[in-house]
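A.B. asks: Build me a model from this:
(one chain, ligands or ions: 2)
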Amino acid sequence: MKIIQIKNWGFNIPDQRPIIISGPCSAETEEQVMQSCLGAAEQGASILRAGIWKPRTRPDSFEGVGEPALPWIKAAGKKTKLPIAIEVANAKHVELALNAEIDIFWIGARTSVNPFTIQEIAEALRGVDIPVLIKNPVNPDLELWIGAIERFYKVGINKMAAIHRGFSVYKPKPFRNLPMWEIPIELRRRIPNLEIICDPSHICGKRSLIQEVSQKALDLEFDGLMIETHVDPPNALSDAAQQFTPDDLGKLLNSLIQRNPVGDNPGFLANLEALRLDIDNIDSEVIQLIAKRMEVVNEIGKYKKENGVTILQMNRWTEIFDSRVMKTIEAGLSKEFAHAFIQCIHNESIREQTEVMNSSFSVKET
Ligand code: PEP
Ligand code: MN
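C.D. replies: Numbers count the residues shown, from 1 in each chain. Ligands and ions are numbered 1, 2, ... in the order given. Alright, predicted model coming up:
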């Protein structure tokens, strides 16, 4: 897939990592959208977000202001000179949002699960040059996520990025949606040039977990973060527990450590590979040696059995323990490790010899 990277989408966005998408969960009032977006922009957001039509789990919740909120968001974009992203969930949303000249669309997790709806939205975008962010489906199904990405690509959308917002399971404590990091990591392996944004707000469901998940996303080389920011989170009409104030957003961004992606430095990578090869070789020697030791232990077990001798001779064990611990410490390893290591080897030796001793008695497992 020839996918165009976010920095080449034609917006005036600094080419820096992480890319920050921020703004309120829902557009509630003109003032709330403007203040939340201004705050997010001031704290470093490069793309603004707000939900116009809200997919809610239960009826009778706030389902978004809808069409009247489009000009509010547009105004926030104009004022901050930043592109604005909204969620579209059907062809009608697409039509209204295109007429309102919204800059970026995102596909929500409840939409990505349904190939009919994805196809309907994709058809409405055939021939349109607009970036689309595709959230993972609510269920942990990588093929379905990739399928949604392919459907947009096939109608000509090539400005794309994925959003990882976690996966829905029954009681997914402590998160609202389980991160299951292996899924976006496998997406990266399958479509390496597709940028992936992490959405810690919807993964966590509560503010206190967001810093930790954001840092983890950066350490896993995600390209950006989508963080919900609201001027007055406790009174937000949706997702009140997970939204940050603009100040919180600033604190979060200041706290994040951007470590170097290994791929930028080929010399480092080559050295790392050489060292890892050493480790691989040493580990296989250690394993072979321990297996060899166990063969001798097995021999001794047979010998003890023939001579009617017990497995454990306490003075021999005391001598082994003391001398091996000393040698381990002399070799520069810690006392704690020495104790645990010798104990572990000894336990396995006893297990091996017990098996030898009892080898004439066996019952079949059913
Ligand atoms: C949102 O971003 O506000 C939203 C509804 O997200 P999701 O589709 O990930 O639940
Ligand atoms: Mn939300």
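A.B. asks: Quick test: name the residue nearest the centre of the protein.
C.D. replies: residue 181 (3.8 Å; C-alpha atoms, centre = their mean).
A.B. asks: which ones are touching it?
C.D. replies: 216, 220 (C-beta atoms under 8 Å, 6 or more residues apart in numbering). In short, each C-beta sits where N, CA and C put it, glycine included.
A.B. asks: how near is it to residue 128?
C.D. replies: 33 Å (C-beta to C-beta, to the nearest Å).
A.B. asks: Next: residue 44.
C.D. replies: 30 Å.
A.B. asks: And the two? Which one has more around it.
C.D. replies: For residue 44 versus residue 128, neighbours defined as other C-beta atoms under 10 Å are more numerous around residue 44 (17 against 13).
A.B. asks: so what's that one closest to, chain neighbours aside?
C.D. replies: Excluding the flanking residues, the one nearest residue 44 by C-beta to C-beta, 6 or more residues apart in numbering is residue 253, at 5.2 Å.
A.B. asks: Help me confirm that that neighbour comes into contact with residue 40.
C.D. replies: No. Residue 253 is beyond contact range of residue 40, at 10.4 Å (criterion: C-beta atoms under 8 Å).
A.B. asks: Compare these two and say which one has the larger neighbour count.
C.D. replies: Neighbours were counted for residue 253 and for residue 40 using other C-beta under 10 Å; residue 40 has more, 33 against 17.
A.B. asks: For residue 114, see how far away the more buried one is.
C.D. replies: 30 Å.
A.B. asks: burial measure for the residue in the stretch 151-300 of the chain that ligand 2 sits nearest to, as a count.
C.D. replies: Nearest to ligand 2 in the stretch 151-300 of the chain, going by C-beta to the ion, is residue 239, at a distance of 3.8 Å. Here the number of neighbours of residue 239 (other C-beta under 10 Å) works out to 20.
A.B. asks: before we move on, what about the one 4 residues further on?
C.D. replies: Here the count is done by other C-beta under 10 Å, and residue 243 has 26 residues near it.
A.B. asks: so what's it scoring on pLDDT?
C.D. replies: On the pLDDT scale, residue 243 is placed at 98.
A.B. asks: Settle this for me: it is touching residue 231, isn't it.
C.D. replies: No. Counting by C-beta under 8 Å, residue 243 does not reach residue 231; the two are 9.5 Å apart.
A.B. asks: Touching both of those two, which residues are there?
C.D. replies: residue 24.
A.B. asks: Kindly report the residues of the stretch 201-350 of the chain close to ligand 1.
C.D. replies: Neighbours of ligand 1 within the stretch 201-350 of the chain, by C-beta under 6 Å from any ligand atom: residue 202.
A.B. asks: can you map out the strands along the stretch 201-350 of the chain?
C.D. replies: With DSSP state E, counting those that start in this stretch as the criterion, the stretch 201-350 of the chain has strands at 224-228.
A.B. asks: Low-confidence stretches in it?
C.D. replies: Within the stretch 201-350 of the chain, the segments meeting pLDDT under 70 span 261-264.
A.B. asks: How far off centre is stretch 256-275?
C.D. replies: 20 Å (C-alpha atoms, centre = their mean, to the nearest Å).
A.B. asks: same deal with stretch 42-53?
C.D. replies: 21 Å.
A.B. asks: quick one: is it near ligand 1?
C.D. replies: Yes. Stretch 42-53 is in contact with ligand 1 by C-beta under 6 Å from any ligand atom, via residue 51.
A.B. asks: Can I get that stretch in PDB, CA atoms only?
C.D. replies: Coordinates of the C-alpha atoms in stretch 42-53 are reproduced here as PDB (Å, rounded to 0.1, in the frame of the first residue of the first chain):
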ATOM      1  CA  GLU A  42      -2.000  26.000  23.400                       C
ATOM      2  CA  GLN A  43      -0.700  22.800  25.100                       C
ATOM      3  CA  GLY A  44       0.700  21.400  21.900                       C
ATOM      4  CA  ALA A  45      -2.000  19.600  19.900                       C
ATOM      5  CA  SER A  46      -1.400  19.600  16.200                       C
ATOM      6  CA  ILE A  47      -4.700  18.200  15.200                       C
ATOM      7  CA  LEU A  48      -8.000  19.000  16.900                       C
ATOM      8  CA  ARG A  49     -10.800  16.500  17.500                       C
ATOM      9  CA  ALA A  50     -14.500  16.600  18.600                       C
ATOM     10  CA  GLY A  51     -17.400  14.200  18.300                       C
ATOM     11  CA  ILE A  52     -20.500  15.500  16.500                       C
ATOM     12  CA  TRP A  53     -22.500  12.300  16.300                       C
END
